[in-house]
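Colleague: Sequence and computational prediction follow.
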Amino acid sequence: MTDSPTPLAGTDAPNPLRDPRDRRLPLIAGPSSMVMFGVTGDLARKKLLPAIYDLTHRGLLPPSFGLVGFGRRDWSDDDFAEYVRKSVSEHSRTGFDESVFEQLRGGLRFVTGTFDDTAAFEKLTEVVGELDRTRGTGGNHAFYLSIPPDAFPKVCGQLANSGLNTPRDGSWRRVVIEKPFGHDLESARELNDVVEKVFRPEDVFRIDHYLGKETVQNILALRFSNQLFEPIWNANYVDHVQITMAEDIGIGSRAGYYDGIGTARDVIQNHLLQLLALTAMEEPVTFRASDLRAEKEKVLAAVELPEDLSAHTARGQYVGGWQGGEEVRPYIEEDGIPADSTTETFAAMRLDIATRRWAGVPFYLRAGKRLGRRVTEIAVVFKRAPFLPFRSTDTADLGQNAIVIRVQPDEGVTMRFGSKVPGTQMEVRDVTMDFAYGMNFTEESPEAYERLILDMLLGDPPLFPRQKEVELSWQILDPITEHWAQHLDPSPYRPGTWGPDTAHEMLARDGRTWRRP
Amino acid sequence: MITTLTDTTASAIDKQMIEMRETFGANTIGRVLTLIIIATGDIEEPLEAAIAASHEHPARVIVVDADPEADSSGLDAEIRVGRDAGAGEIVILHARGDVLWALDTLVMALLLPDAPIVTWWPENAPGSPVHDVLGSMSQRRITDSAACADPLATLKRLRRGYASGDSDFAWARLTRWRGLVASAYEVPPISTPTRIEVSGTVDNPSVALMAGWLEHTLGVEAEVLAPPADDSDFAGVHSVRLVRTDGTIDLTRVDDASIVMKLPGDNTGQHVTMPRRTLAELLTEELRRLDPDEVYGEVLATTYSSISDAATFADGKPEPTDLVVSDAEAVAAAAAEASAQQLAAALEERALAHLVLTGGTVGTKTAAALPDALEKAGVDVTRVHLWWGDERFVGPDSEERNEVGVRATLLEPLQRAGMPVRNIHVMPSPADGMSLDEAAAWYGQQLDQMGGDEPFRTRGRAFFDVLMLGVGPDGHVASLFPEHRDQRQVGASACAVTDSPKPPPERISLTWPVLNSARHVALLVAGEEKAGAVRDGHEGIDPWAVPASAVRGLESTTWFLDEAAAGRSAGA
């Protein structure tokens, strides 16, 4: 998170060439390789391989970097290289350059095998050793598990058996896992036990690509580098907070995963609760991983659920119809979804935070598929001014002040406040002042995966959630999903709208309305 | 879209920009900085780089396209917004003639409120960026020594004039090199190298900075070698070798796109793609942080740690000669005649000649003798520029001013003979609305501007044709006094002097590098009380103790002495 150089891996001796004030000096990952499981998957093809190439292009990976693919296909190293070339030339952000690819290509290896195949893991051990000898990867290896969680036990077991999980002196072994980190508290613990039996907790990197997004980090910059916002960032001035993550698409090809999981587990447990934590947490002592985590964990632990879950949560499922000029199917008719599915595609909930800062300020979270438009934002809505020295007709158009942090797309910050309408005697209406990162900084901003992979190779953990946060999130969510399973079926909503009526009623009960993002 | 304004003013441009914003909605709100580009040649190349950089750092870009020698004075402007300006907005100022005398007021109205200012000289770096009128109001000052006529000399000069906030593209060109060297250094087992070699083009400033950086950070002397002979057309850093007890780390550029890195125990090496950086990449990197690059400052200081001595400016030039005549009147006559002939000779070779005047009794007498001498030598005074070596910072009509002392005897006759007022470069007074520091910076700017890329930058190039200096009994010249802190300002072209030992206390003086950029130096001395200073002035170059010893002309230095000053008065 900070740009300050980290100490060298495996040694405490600082590098005299790295002066903390020398902020031009790029932080290049040390000698290392990455072993990727699930390399033929969509994520690897569209995001991970291009991210590795882009890092190479930006000169941030060591020249010796090795990349080992592991999969069922009967591929030679050259076949794998062709596959990587195709993926990279189609999806890289920085443009394809033959000479960059050649540099990467020297370290490409492929091992054929299944997760049961002990011989294949022996082969993998050999290949990794060969990389250490011929490329100089220095015994530092990361294992990227881009595979379904139910395959984790097998892979982790094989890695342990072959000794690949154990670093030699001064080197490291790390494992990268992707969300979902379980589907409830119990499964999250089981999953974690499997991984942490094989790797030390500090060597487990949970990738939530949402946290690699520049704007999420910008929330921290906005809150903690300014004097302007912090004094009013509390229950004295804030009326409530709305956190929205809306998608305009349906579930697409994710039926197999999505059904039975639903929106709450899919995105609220991780993304929205992380956004809530970043918005609500106290100032960390430093931006070191442990300090940042301590504050996030504190605020997550202080989250309280409403007593009447039926009244203060909402659950929806999209029906079919026309959405923005396109006829779409209802959820229950999507490929691979059973017709009687009660999985929600929209979820909303009120959460309270039992701290002095936030007492009485509800946080409303909502997320869903097939909503009005694609947007993720945090809206901090302020109380009305306690006294207005105007006639009530003058301020009829005046709403509540708000600071809106837009996470995606069109990242930026909007402030809404009252201003006099020009030319009239005295009429006040809401105006918005907009700051767009798109206009200011983002054009060159790296893809989230680039940042996360580089941070992982550098061993710089602030952007990665730890198991404690994962468990705390499930503790918040589990009672709600249990309640839903027993008492609350999803209400239907038209595609392209902002969710079911129950969501609007839920806010109406508190005398509020959802913001239209 | 592009809008052109002819014969305009800064406030009219500002008004036009606000109008364009209201009409087309192009907004200034999101701009993070104002980038001023001081162009002397082609403006499109730097402009393209600025447009590319604007995608990461939306800026208002002000291009000053200066033509100081234009016949007429005036300002034309071109405003580009929208598609023609990337994510920024661009104002191109074509400034001609005297408009450039107040360059700061030209851009003042166009700066973004409150936003940081970055000034970039794509080619001709100023004498000292921070002493430039635009540089002094900027947070960051970017030069490109490699694009200057004499890159190494430019870098040395930048070092002398360094101030926090300066940076140079020669340093930014090294960033990826340095990143790679730093990570190669981390290959265990880490140990301090016993030997460091940097090879590359000998006169390349990046090579010098690379060696300086390694020396500064590792505390080991870095040897600079020429690139292998078969690579003679090579530019920049060719290789870096860190020799450690366990082996050698070797990084060598093999072509324009890549280098090969060899670590201890690896003889084949690994290919690393590292294309040369484009202007846009360099500028983008520079704009990423607007706080001072302290590391660059320290490296620059290490790189040329031996050149801060003011004596180097006078060193290596012809030895002075003496011309002894009977009295002060004769000194003035001889000096005036010699100077007139030198100016006449200068005008035969060049379009303009530059004469620096001095004050004091003999100086004033010499000035009074000049109009006749110039006429006799056939000097076309319309082509002569007059400057002053120093001036007292007092009211414009005060008798204490050197300029006032020659107004009636020199300036008025010359103007009658056709010398234009703009050729007479009077040092500012408090009545000009400037503080002492601003006045000195302004005068330095005038000198820098007139001189183009040539003067003061480097020891050894001439700008003035004749420089006259009086010498005080204490040995001071201009307003550089013995053992006075203000004589140490070698970065600027003109400096402010406070606490002068001789009243009045506030003065403006030319500095060592400028005083030492004349073809002919005439030291004008008369009177017994100066005999000691004259004697000391002949004893070898010592600027700190005897300022009169440390100004020398490239072609000649002459002491014009009367017999008393020469120590011969008592019938010696």
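Modeller: Ah, there it is. Residues are numbered from 1 along each chain as shown, chains lettered A, B, ... in the order given.
Colleague: What values do phi and psi take at the closest residue to chain A within the stretch 301-450 of chain B?
Modeller: In the stretch 301-450 of chain B, the residue found nearest to chain A is residue B:302; the distance is 12.8 Å by Cβ to the nearest Cβ. From N, CA and C alone the C-beta is placed, and that goes for glycine too. The phi and psi torsions at residue B:302 (degrees, to the nearest 10) take the values phi -70, psi -40.
Colleague: and the closest residue to it other than its chain neighbours, how many neighbours?
Modeller: Sequence neighbours aside, residue B:216 is the residue nearest to residue B:302 in space, at 4.1 Å (criterion: Cβ to Cβ, 6 or more residues apart in numbering or on different chains). Neighbours of residue B:216 under the rule other Cβ atoms under 10 Å in any protein chain shown: 21.
Colleague: Could you double-check that residue B:216 sits in contact with residue B:296?
Modeller: No: using Cβ atoms under 8 Å as the test, residue B:216 is too far from residue B:296 to be in contact (10.6 Å).
Colleague: so where is the chain shaky, pLDDT-wise?
Modeller: By default, I'm working from chain A. Along chain A, the parts satisfying pLDDT under 70 run over A:1-13, A:212-216, A:437-446, A:462.
Colleague: could you do chain B instead?
Modeller: Using pLDDT under 70, the flagged stretches of chain B are B:24-30, B:87, B:229-234, B:305-309, B:451-461, B:491, B:569-572.
Colleague: Grab the longest helix from it for me.
Modeller: helix B:328-349 (DSSP state H).
Colleague: Restricting to C-alpha, output it in PDB.
Modeller: Taking Å, rounded to 0.1, in the frame of the first residue of the first chain, the C-alpha atoms of helix B:328-349 are listed here in PDB:
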ATOM      1  CA  ALA B 328      44.000  58.500 -13.700                       C
ATOM      2  CA  GLU B 329      43.200  60.600 -16.800                       C
ATOM      3  CA  ALA B 330      45.700  58.600 -18.800                       C
ATOM      4  CA  VAL B 331      44.300  55.300 -17.500                       C
ATOM      5  CA  ALA B 332      40.900  56.300 -18.600                       C
ATOM      6  CA  ALA B 333      42.100  57.400 -22.000                       C
ATOM      7  CA  ALA B 334      44.100  54.300 -22.600                       C
ATOM      8  CA  ALA B 335      41.400  52.000 -21.500                       C
ATOM      9  CA  ALA B 336      38.700  53.800 -23.600                       C
ATOM     10  CA  GLU B 337      40.800  53.600 -26.700                       C
ATOM     11  CA  ALA B 338      41.700  49.900 -26.200                       C
ATOM     12  CA  SER B 339      38.100  49.000 -25.500                       C
ATOM     13  CA  ALA B 340      36.800  50.900 -28.500                       C
ATOM     14  CA  GLN B 341      39.200  49.000 -30.800                       C
ATOM     15  CA  GLN B 342      38.200  45.700 -29.200                       C
ATOM     16  CA  LEU B 343      34.500  46.500 -29.800                       C
ATOM     17  CA  ALA B 344      35.200  47.500 -33.400                       C
ATOM     18  CA  ALA B 345      37.000  44.200 -34.000                       C
ATOM     19  CA  ALA B 346      34.100  42.400 -32.400                       C
ATOM     20  CA  LEU B 347      31.600  44.000 -34.700                       C
ATOM     21  CA  GLU B 348      33.600  42.900 -37.700                       C
ATOM     22  CA  GLU B 349      33.000  39.300 -36.700                       C
END
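Colleague: element containing the residue nearest to residue B:302, please.
Modeller: Here residue B:216 sits within helix B:205-218, counting by DSSP states H and E.
Colleague: So which bits of that helix are buried?
Modeller: Buried residues in helix B:205-218, counted by 16 or more other Cβ atoms under 10 Å in any protein chain shown: B:205-218.
Colleague: next one: the helix or strand following it to chain centre, how far?
Modeller: Sequence order places strand B:222-225 as the next helix or strand after helix B:205-218, per DSSP H and E. Here strand B:222-225 is found 28 Å from its chain centre; the criterion is Cα atoms, centre = their mean, to the nearest Å.
Colleague: Over to stretch A:118-131?
Modeller: For stretch A:118-131, the distance to the chain centre is 32 Å (Cα atoms, centre = their mean).
Colleague: likewise stretch A:126-141?
Modeller: Between the centre of stretch A:126-141 and the centre of its chain there are 31 Å (Cα atoms, centre = their mean).
Colleague: List of residues touching that stretch?
Modeller: A:9, A:30-35, A:64-66, A:68, A:106-107, A:109, A:111, A:164, A:167-168, A:170-174, B:187-188, B:263, B:266, B:270 (Cβ atoms under 8 Å, 6 or more residues apart in numbering or on different chains).
Colleague: ends of it, how far apart?
Modeller: The first and final residues of stretch A:126-141 sit 13 Å from each other (Cα to Cα, to the nearest Å).
Colleague: Give me the domain ranges for the chain.
Modeller: By default, I'm working from chain A. By the assignment in automatic domain parsing, chain A contains the domains A:33-178, A:212-509.
Colleague: actually it's chain B I care about, not the one you picked
Modeller: B:2-168, B:175-273, B:310-562.
Colleague: got those as CSV, with distance to residue A:423 columns?
Modeller: Output for those, formatted as CSV (distance: least, Cβ to Cβ, whole Å):
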stretch, distance to residue A:423
domain B:2-168, 16
domain B:175-273, 54
domain B:310-562, 41
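Colleague: Tell me which of the ones you listed sits nearest to residue A:379.
Modeller: With Cβ to Cβ as the criterion, residue A:379 lies closest to domain B:2-168 of the domains of chain B, at 21.0 Å.
Colleague: Show me what counts as buried in stretch B:179-192.
Modeller: Neighbour counts using 16+ other Cβ under 10 Å place B:179-188 of stretch B:179-192 among the buried residues.
Colleague: now the farthest one out in chain A, which residue is it?
Modeller: Most distant residue from the mean C-alpha position of chain A: residue A:425, 48.7 Å away (Cα atoms, centre = their mean).
Colleague: and that residue, helix, strand or coil?
Modeller: When classified by DSSP: H, G, I helix; E, B strand; the rest coil, residue A:425 comes out as coil.
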